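Visitor: Got a predicted model here, sequence first, then my questions.
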Amino acid sequence: MIAQLIEAAAVLAEIGATNKEGALKELLAAAQGTGCFDAKAGKGLAKRLAEREAIGSTGLGNGVAVPHVKGEGVKGPTLVLARCKKGMEWQAIDGRPIHILFLLVSPAGEPELHLQGLRWIAGLARNADFRRFLLDARDGEAMRELLRELSSKETS
């Protein structure tokens, strides 16, 4: 499942948004661009993402945020990886700005796949080498290649 998630992922070498609300919209638009859900489902997902952030920030610390949502009308788990080199306020648990964003969108009826994706992302978020190499990656394809490399090491 992780290999499929990586290959189908939308990768943004530099997010254009300057705040959390804008970033969530941009990430969700990138996810929708993969064909994983339509505009109608996207509206419901946007509402659920905002509600999730209102409950508690998805900023894990160490410069990483992992907004995530499950919803109706989603065809399969979808990943968006984005980078914000200058940093963005996200109310992370350590109070530091966010530089790496993962959005995980999953079908409502597949909670185990969603949890599997979140576990994998959390492992990446804790990996200092991953964070450093991702911020230094030259472009989106180099970012995707880093995901592939780390994924293959985990499965070997």
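Guide: The structure has been received and is ready for your questions.
Visitor: Contact partners for the most centrally placed residue in the chain?
Guide: Using CA atoms, centre = their mean, the residue of the chain that lies closest to the mean C-alpha position is residue 102, 1.6 Å off. In this structure, residue 102 makes contact with 64, 65, 66, 67, 68, 79, 80, 81, 82, 121, 124, 125, judged by CB atoms under 8 Å, 6 or more residues apart in numbering. All C-beta atoms are positioned from the backbone trio N, CA, C, and that covers glycine.
Visitor: From these, list the buried ones, please.
Guide: Under a neighbour-count criterion of 16 or more other CB atoms under 10 Å, the subset of the contacts of residue 102 counted as buried comprises 64, 65, 66, 67, 68, 79, 80, 81, 82, 121, 124, 125.
Visitor: Go through those and say which is closest to residue 135.
Guide: Comparing these against residue 135 with CB to CB picks out residue 64 as the nearest, at 10.8 Å.
Visitor: quick one: secondary structure of the residue nearest to the closest one when sequence neighbours are not counted?
Guide: Leaving out its chain neighbours, the residue that sits closest to residue 64 by CB to CB, 6 or more residues apart in numbering is residue 125, at 4.2 Å. Reducing the assignment at residue 125 to three states with DSSP: H, G, I helix; E, B strand; the rest coil gives helix.
Visitor: from now on call the first residue 37
Guide: Fine by me, first position is 37 from now on; the one you just mentioned is residue 161.
Visitor: Contact partners for residue 161?
Guide: 96, 98, 100, 102, 136, 138, 167.
Visitor: still on that earlier bit, now go through the contacts of residue 138 and say which are in strands.
Guide: Secondary structure of the contacts of residue 138 is defined by DSSP state E; positions in strands are 100, 101, 104, 115, 116, 117, 118.
Visitor: Could I get the pLDDT score of residue 191?
Guide: pLDDT, the model's per-residue confidence, is 49 for residue 191.
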